[in-house]
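Colleague: Show me how the following folds:
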Amino acid sequence: MIKILFVCLGNICRSPMAEFVMKDLIEKRNMGEFFSIASVATSSEEIGNPVHPGTRKKLSELGISVAGKQAVKLSRDDYHQYDYIIGMEARNITNMIKIFGSDPESKVKRLLDYGTRPRDIADPWYTGDFDTTYEDVLEGCEALLEHINTKELDCKIGK
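Modeller: Below is the predicted model:
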């Protein structure tokens with residue numbers, strides 16, 4: 001099973017958006033049995049809070065539910081539990097490395113580093129632009145899924 005952890009500052013906007021977009025992409029491809037997907041925060045500010053209304057609204061428009069999701073904080077032990085630990089921006093990467101101590105297996109990357117235009121995903125908490133965040137998250141999730149399909153799943157399922 002391939003385990004992916006999406007990470008942002010508060011785990012109420014971008015990382016849960018990435019978690020549920022990726023789950024949706026995987027389910028639509030009937031690949032759910034190969035993946036475990038979650039999301040967390042690097043800060044403690046929003047722990048226990050539900051997904052931001054802007055993220056809920058945007059994903060709801062697309063038929064994607066985030067019901068029951070609450071913000072959770074990243075822990076040092078998460079490094080050993082996941083194969084891919086994906087931040088939304090450079091600041092997330094810096095904070096993750098501080099929490100983990102290091103990244104000896106090169107698991108920590110930005111989501112859009114898997115795409116053709118590596119960049120940060122702007123925080124809609126500040127921009128208010130959940131549409132652009134969704135487009136960036138979708139682009140990154142599709143690129144990450146393609147990377148995983150090419151690198152790992154082809155070998156595991158014999159394609």
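
Colleague: my read: Ile85 touches Ser106, true?
Modeller: No. With contact defined as Cβ atoms under 8 Å, Ile85 does not reach Ser106; the gap is 10.0 Å. Heads up, the C-betas are built off the backbone N, CA and C, glycines and all.

Colleague: more neighbours, these two?
Modeller: Ile85 (24 against 6; other Cβ atoms under 10 Å).

Colleague: Tell me which residues touch that one, please.
Modeller: 5, 7, 78-79, 96, 107-109 (Cβ atoms under 8 Å, 6 or more residues apart in numbering).

Colleague: Show me the two of those residues that sit farthest apart.
Modeller: Maximum pairwise distance among those (Cβ to Cβ): 14.7 Å, between Asp78 and Lys109.

Colleague: Mind listing the residues bridging to Pro50?
Modeller: Using DSSP bridges, the beta-bridge partners of Pro50 come out as Gln70.

Colleague: residues touching it, list them.
Modeller: 12, 56, 66, 69-71.
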